[in-house]
Every structure is written in C-alpha cells, then in structure tokens.
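**Student:** Let's see this in three dimensions:
(2 chains)
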Amino acid sequence: MKQSTLFPKTSKNAPKDEISTNAQLLVRAGFINKLTAGVYTYLPLGLRVLKKIEKVIREEINAIGGQEIYMPALHPHENYVITGRENIDILFHLESATGKKYVLGMSHEEIVVPLVKQYINSYKDLPIYLYQIQTKFRNELRAKSGILRGREFMMKDLYSFHKNEADFEDYYEKSKIAYKNIFNRIGIGESTYLTFASGGTFSKYSHEFQTVTASGEDLIYLCPKCEVAVNKEIINEQNSCPECKSKDLLEKKSIEVGNIFPLKTKFSKAFDLMYTDEDGVRKEIIMGCYGIGLGRALGTVVEINNDANGIIWPKEIAPFDIHLISINNDEEGDAIYASLQKNGLEVLYDDRKETAGSKLKDADLIGIPVRIVVSKKTGGDVEMRIRKTGETKMCKLNEAIGIIKGTNV
RNA sequence: CGGGGUGUGGCCUAGUGGCUUAAGGCGCCUGCUUUGGGAGCAGGAGAUCGGGAGUUCAAAUCUCCCCACCCCGACCA
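**Tutor:** Next up is the predicted model:
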C-alpha cells in the first residue's frame, strides 16, 4: 500500500480526551477514531490489525474443533426473561415500531441455546463447539481506557455443549491451551497468566487470562513460580497459589484479555436443552463459554508494546510486514516496493513528498516491525531497521528479505 | 450511579467583564526553497467560544439549567 493514499494522516498530538496509552497512540497513528465514549471506528490500519487478531483466534479455535457461526446482535427480550437476565444493567433495551421488546446482545447464551435445541437430540450429536466473532453491546456505566472497555466491541465467543462433566472438563483444559497459543501469537503471551476467578452467581469458579501491566484495571495475585494467579475477587477464599499453595504472591495490576467459564446447566435448564443418552434417559446438557474481546486484546498489545516514539507491533499482527521509506529516491523505492510484494510481503510504502524526518517519525509511530530505507546514501543497498530493538544494518535487498522471512538467504 | 475536572477553527492551547475586529502552535492551501529524525521564508483559508436561558451599557469571561468528554470510585454475566 502506498502511504500517499493511506487514510488518514497521522497526527503529532493526541486529542486531549484520550488519556490512555493505547488510545493516544492508536488515534495519533491513525488506527482508530472515537465516535463517542466507548465506541470507536477502526480505520484502515486498525482494521488490518483487528483482522489479523481475528485470524489467529479463528485458527486456534478451529484447531480445538470450533465451528464458526454468526448470530444476530438484535435479540428478542423474551429470551432474557426466560433466563432471568432481563434486568442486568449493562443490557441495552429497544423496541420495534409495534412495541416488541428487544435487547442488543451483550453475550449469546440466550440465542445459542435455543438454536442448538432445535438440532440436538441424541448423545451422538454431542459434543459440539460453536463460536462466532461478532459485535457485542454493553451499556457500561463508565466506558474507559480507550478501547479497553467499550460499549460496543468485537468479541469471539465460543459455547461448548457436552453430555457430561468429564467431557466438559476435558474440553475446558483444551481451551486453556488454545488461549495460551492465541496470546503467545498476538504478542502478549509473556505477561499473560491463567487466573483463578469467581464464577459469578452460577458457578463456583471460572478462569481468566490476565495480562500484567500498570494500566490494568484488575488486581491479581501472581505466583511467580507456577505462573498462575488469583483474582482479587476471590482472594479471601483462595489466598495461596492454587498449584503449589505458596503464599508468596505478587500483587499486580492487569487486563482481563480472556475468560473461560463453566456454565454447568444454568442455560440448558432454562431452555430445557436435553439429550437422550445411550441408556435411553433424557439428560441435561453441560455447557461452557469462552470469550476474548478483540478490541481489548488489540489495546492490550499496544499497552505493553510501545516506547516514547510509538507502537511496536508484534510480527504476527502488525498491519504490514515492512515499512519501506524512500527518501528522495523514488525510482529505486518503486522497484524495491514491487520486488518486496513479489516476495509475498505486505508493504507500506512511504512514497509521500515529505521530509525525511517526518517519514521516519511516522514510521516509529505506526510501529511496523521492520523498516527499510532507500535514499541517495544507501547506494544500491538498503538500510534495514528493527523497530523493537532499534538494530540497524546496511545490506542487499535479498538479504533483508531473507531475514524478514526468517531465513538467512 | 457518587465525587472531581474539562469544553475556544480539523488537533493542541492562550485569553476569565471593555485594551478582542477572539490570539498562538500543529495541520491545511499557494509560491519559492529544502530532504537521514516531525525544515525555512512569504502569502492565504478556516471559529454558532459545547447548547439554552439570564445579569449587564458591554459576556468566550458572571449566574442558572442542560449536554458531552476525561479521571477516581462503585459496577463489570
């Protein structure tokens, strides 16, 4: 993509109503734009990152048997009366022209359970794992921290249906591994910990994936040896490491980037979701749900991967592989742009008629992992710079391509 | 929802009763010049001073009401 045509331009200063690091950098660099509190537009660069996060999640969830569907955001209110969730204060309510009551989906148990009920009868139909990547609406009393807590956001929500507890437990463990893989691939694995958390009103426990960062709004107690943590909300009942029982726990601020939750029979009971087992007896279906907020994950990546000059994207979710900059050397720049694309690389090519300084500053701000500069000074070679380390070297284009692709030519 | 704060060209800010015909920086347009860390010069466009109602000879500035946004807290199925 030629940067001369990229919408929008970057900005030197952040709007004063954005305080959080993630929003300041993402807005300045042109990834997102705020419409109103907790509601953001994803601009071309931001959408590219969001789609890459989506791709990682999709691959890992497919790998544990997930089948992707897409459910509506507009839900009949009556489904929430059935589960008793109609009075939850984060639900957005609305009415049709004829007075029929609707809510905007904050989660999809009320939709997916009646859906599954239409098709599942036998133990032979189980287990089943359905997920979607879809927009959620939550009427938060206070939206905050840029895209970390929004009123409208993309979420991957997976629902699993099992014939018994043992089968559920087995899948629950698999989901933990899938989640770890996801957080590793999007570049927050090192500071993200499995965290024991409350199960709310219908389960004894749940597990969260908490990313440790000073800008987090949750508080966890981390066992550095076992690399698991306990959420503050249950520290009274669980005041030691759940694995090694150590009481040497570190208090850390963190962001909840994922949550996995045993639903037991809470929703299957409400909708009378049953199956007939081998022995001919009708039994309740055991459920689990598994969520990851995509925008929050994106914001978290920025919170823990940045420096004074801008964002530092992890390789797998960067908007482009390479930021190519021509400083007064468009002929060679154009040729290298074509060559990089021929090699299957995604390139943002700064072909703008700007000064060298502003191009280099923008490259740091946008944060693409590898920068290649061609100028009158590079004399047929290219200058390659790694955003994260600042490491810079002069080399032949082919050598640079080899390094970027992970081989050494 | 409780507490605190902020609203002035697209963005950041100054101005807090008359010296204001609302100022400066960034950005934008035109021309010249410049090109390795957000260049320079000259000219130019762009503002219901968040909204409404009041006080006053006079309001961006004072009063009241409302709205929006941010922060702290509570909440967070």
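
**Student:** what helix or strand is residue A:75 on?
**Tutor:** Residue A:75 belongs to strand A:74-76 when assigned by DSSP states H and E.

**Student:** contacting residues around the next helix-or-strand element following that strand?
**Tutor:** Moving toward the C-terminus from strand A:74-76, the next helix or strand (DSSP H and E) is helix A:77-83. Contacts to helix A:77-83, defined as C-beta atoms under 8 Å, 6 or more residues apart in numbering, come from residues A:86, A:88, A:91, A:93, A:100-103, A:109-111, A:114, A:266-267, A:270-271. C-betas here are computed from N, CA, C, even on glycine.

**Student:** residues in the stretch 251-400 of chain A within reach of RNA strand B, list them.
**Tutor:** Taking C-beta under 7 Å from any atom of the strand as the contact definition, the stretch 251-400 of chain A meets RNA strand B at A:309, A:327-328, A:353-358, A:360-365, A:373-378, A:383, A:385, A:392.

**Student:** coming back round to it: so which of the contacts of helix A:77-83 comes closest to residue A:127?
**Tutor:** Residue A:127 has its nearest neighbour among the contacts of helix A:77-83 in residue A:267, at 15.5 Å by C-beta to C-beta.

**Student:** Any idea how many residues pack against the closest one?
**Tutor:** Neighbours of residue A:267 under the rule other C-beta atoms under 10 Å: 23.

**Student:** Return the residues in contact with it.
**Tutor:** Here residue A:267 is in contact with A:83, A:109, A:110, A:113, A:273, A:287 (C-beta under 8 Å, 6+ apart).

**Student:** again, only this time at 10 Å
**Tutor:** Listed by C-beta atoms under 10 Å, 6 or more residues apart in numbering, the contact set of residue A:267 reads A:82-83, A:85, A:109-110, A:112-114, A:116, A:159, A:202, A:273, A:285, A:287, A:289.

**Student:** Let's see the ChimeraX selection covering just the buried ones among the residues you listed.
**Tutor:** In ChimeraX, this line selects whichever of these come out buried by 16 or more other C-beta atoms under 10 Å:
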select /A:82,83,85,109,110,112,113,114,116,159,273,285,287,289
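
**Student:** Single out whichever of the contacts of residue A:267 has the smallest pLDDT.
**Tutor:** On pLDDT alone, residue A:202 ranks lowest of those, at 65.

**Student:** returning to that earlier point: can you spell out which helices and strands pack onto the strand holding residue A:75?
**Tutor:** strand A:101-104, helix A:109-117 (3 or more C-beta pairs under 10 Å, 6 or more residues apart in numbering; DSSP states H and E).

**Student:** Can you tell me what sits against that strand?
**Tutor:** Under C-beta under 10 Å, 6+ apart, the answer for strand A:74-76 is A:82, A:91, A:94, A:96, A:100-108, A:110-111, A:114, A:137.

**Student:** among the residues you listed, which are within reach of RNA strand B?
**Tutor:** A:106, A:107.

**Student:** Quick check: ChimeraX command selecting the buried ones in the contacts of strand A:74-76.
**Tutor:** Burial among these is assessed by 16+ other C-beta under 10 Å; the matching ChimeraX selection reads:
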select /A:82,91,102,103,104,105,106,107,108,110,111,114,137
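
**Student:** ok, back up a step: considering the contacts of residue A:267, which is situated nearest to RNA strand B?
**Tutor:** For the contacts of residue A:267, the closest approach to RNA strand B (C-beta to the nearest atom of the strand) belongs to residue A:85, at 4.2 Å.

**Student:** which ones are touching the nearest residue to the closest one once chain neighbours are set aside?
**Tutor:** Nearest residue to residue A:85 in three dimensions, chain neighbours excluded: residue A:110, at 7.1 Å (C-beta to C-beta, 6 or more residues apart in numbering). For residue A:110, the contact set (C-beta under 10 Å, 6+ apart) comprises A:75-83, A:85-86, A:103, A:267, A:270-271.

**Student:** let's see 7 Å
**Tutor:** Residue A:110 makes contact with A:75, A:79, A:80, A:83, according to C-beta atoms under 7 Å, 6 or more residues apart in numbering.

**Student:** With residue A:106 instead?
**Tutor:** A:90, A:91, A:136, A:137, A:138.

**Student:** repeat that for 8 Å
**Tutor:** So residue A:106 contacts A:88, A:90, A:91, A:92, A:136, A:137, A:138 (C-beta under 8 Å, 6+ apart).

**Student:** what's the answer for residue A:352, then?
**Tutor:** By C-beta under 8 Å, 6+ apart, residue A:352 lies in contact with A:3, A:4, A:359.

**Student:** Just the buried ones from those, in ChimeraX syntax?
**Tutor:** Written as a ChimeraX command, the selection of buried residues from these, which uses 16+ other C-beta under 10 Å, is:
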select /A:3,359
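
**Student:** Pipe the contacts of residue A:352 into TSV and attach secondary structure, distance to residue A:253 and pLDDT per row.
**Tutor:** Below are the contacts of residue A:352 laid out as TSV (DSSP: H, G, I helix; E, B strand; the rest coil; distance: C-beta to C-beta, whole Å; pLDDT from 0 to 100):
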residue	secondary structure	distance to residue A:253	pLDDT
A:3	helix	36	97
A:4	helix	41	95
A:359	helix	36	97
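
**Student:** Output the contacts of residue A:352 in JSON lines, with distance to residue A:227 appended to each entry.
**Tutor:** Formatted as JSON lines, these follow (distance: C-beta to C-beta, whole Å):
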{"residue": "A:3", "distance to residue A:227": "41"}
{"residue": "A:4", "distance to residue A:227": "46"}
{"residue": "A:359", "distance to residue A:227": "41"}
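
**Student:** Just the closest of the contacts of residue A:352 to RNA strand B, please.
**Tutor:** Distances from RNA strand B to the contacts of residue A:352, taken by C-beta to the nearest atom of the strand, are shortest for residue A:359, at 7.2 Å.

**Student:** Check the contact between the closest one and residue A:324; I expect there is one.
**Tutor:** No. With contact defined as C-beta atoms under 8 Å, residue A:359 does not reach residue A:324; the gap is 10.4 Å.
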